[in-house]
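Undergrad: any chance you can model this:
(one chain, ligands or ions: 2)
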Amino acid sequence: MEKREQLYEGKAKKVFATDDSGLVVVSYKDDATAFNGLKKGTIAGKGAINNRVTNHLMRLLEAQGVPTHFVRELNGRETLVRRVSIVPLEVIVRNIAAGSLSKRLGLPEGAKLSQTVLEFCYKDDALGDPMVNRYHIAAMGWATQEEMDLICRYSLKVNQVLSAYLKDLGIELIDFKLEFGKTAEGAIVLADEISPDTCRFWDSATHEKLDKDRFRRDLGGVEDAYHEILKRLMGE
Ligand code: TMP
Ligand code: ASP
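TA: Residues are numbered from 1 along each chain as shown. Ligands and ions are numbered 1, 2, ... in the order given. Sure, this is the predicted structure:
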């Protein structure tokens, strides 16, 4: 497998073509942004940590029956994945009120939700990733009803698997964001990343934040939090 030209650069990752048209290389950056790119910074070591944490969790999910784009880790910050067209939605899964949900509905952060909440946002930076519902998604043709049924089923399964796994490591999974892709054959697979950038992880005992909220909210100890997650998941 040979790495070829850069296809895309996002806020946290770059994507490169390979000599196989069905495969691309994802390269994780240390750059961090928040609030739709308004706040910018660097988190030293983040790219390598997010690469390893994502791959670890993707392997776990594959083993539990959730199809993913993961193929193999290439090195510290690069991974080979299946080439997919990204469904232009951020799927947010929430167990505990926090962040924008707390703000929108006036719920204290940390309040347990009586059932899991799924939200969808249309991926469009210029529009600020507006929240949409299944009627908007169908009307705009971003995904079919069948694809959305599958996306919802996979998202809830990811929540079950990860919540149980992280609980044993003393981590509470508050909420997280997923993205899905469609393969050339039309299969829906989990794509993008699952990392402290895209999840809220709280220490079960102390409720200390071990995720990107430390960067978003200037809480300090950002690098330490990312390292702590790597250590709890991978023992280093
Ligand atoms: P929110 O409370 O700001 O809506 O975020 C919910 C979850 O989604 C949280 O775990 C952080 C994650 N997230 C992203 O990964 N990317 C984003 O652009 C946003 C807004 C949230
Ligand atoms: N990464 C997103 C941005 O730069 C938002 C976030 O994670 O808070 O806007």
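Undergrad: could you use CA atoms for every contact and neighbour count after this?
TA: Fine.
Undergrad: did I read that right, Ala205 in a helix?
TA: No. Secondary structure assignment (DSSP: H, G, I helix; E, B strand; the rest coil) places Ala205 in coil, not in a helix.
Undergrad: show me the strands in the protein, by range?
TA: 3-9, 13-18, 23-28, 31-34, 39-42, 70-75, 78-82, 85-86, 89-96, 112-122, 131-132, 171-182, 188-191, 199-203 (DSSP state E).
Undergrad: same list, the ones you listed, but as JSON lines with distance to ligand 1 and mean neighbour count please.
TA: Compiled in JSON lines, the strands of the chain are given as follows (distance: least, C-alpha to the nearest ligand atom, whole Å; neighbours: other C-alpha atoms under 10 Å):
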{"stretch": "strand 3-9", "distance to ligand 1": "16", "mean neighbour count": "12"}
{"stretch": "strand 13-18", "distance to ligand 1": "13", "mean neighbour count": "19"}
{"stretch": "strand 23-28", "distance to ligand 1": "14", "mean neighbour count": "24"}
{"stretch": "strand 31-34", "distance to ligand 1": "7", "mean neighbour count": "18"}
{"stretch": "strand 39-42", "distance to ligand 1": "12", "mean neighbour count": "13"}
{"stretch": "strand 70-75", "distance to ligand 1": "18", "mean neighbour count": "16"}
{"stretch": "strand 78-82", "distance to ligand 1": "19", "mean neighbour count": "22"}
{"stretch": "strand 85-86", "distance to ligand 1": "15", "mean neighbour count": "16"}
{"stretch": "strand 89-96", "distance to ligand 1": "6", "mean neighbour count": "22"}
{"stretch": "strand 112-122", "distance to ligand 1": "9", "mean neighbour count": "15"}
{"stretch": "strand 131-132", "distance to ligand 1": "9", "mean neighbour count": "14"}
{"stretch": "strand 171-182", "distance to ligand 1": "4", "mean neighbour count": "22"}
{"stretch": "strand 188-191", "distance to ligand 1": "13", "mean neighbour count": "24"}
{"stretch": "strand 199-203", "distance to ligand 1": "4", "mean neighbour count": "21"}
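Undergrad: redo the ones you listed as a markdown table? Include mean pLDDT and distance to Val53.
TA: Output for the strands of the chain, formatted as a markdown table (pLDDT from 0 to 100; distance: least, C-alpha to C-alpha, whole Å):
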| stretch | mean pLDDT | distance to Val53 |
| --- | --- | --- |
| strand 3-9 | 98 | 21 |
| strand 13-18 | 98 | 14 |
| strand 23-28 | 98 | 12 |
| strand 31-34 | 98 | 16 |
| strand 39-42 | 98 | 18 |
| strand 70-75 | 98 | 11 |
| strand 78-82 | 98 | 12 |
| strand 85-86 | 98 | 21 |
| strand 89-96 | 99 | 18 |
| strand 112-122 | 98 | 23 |
| strand 131-132 | 98 | 27 |
| strand 171-182 | 99 | 14 |
| strand 188-191 | 98 | 14 |
| strand 199-203 | 99 | 11 |
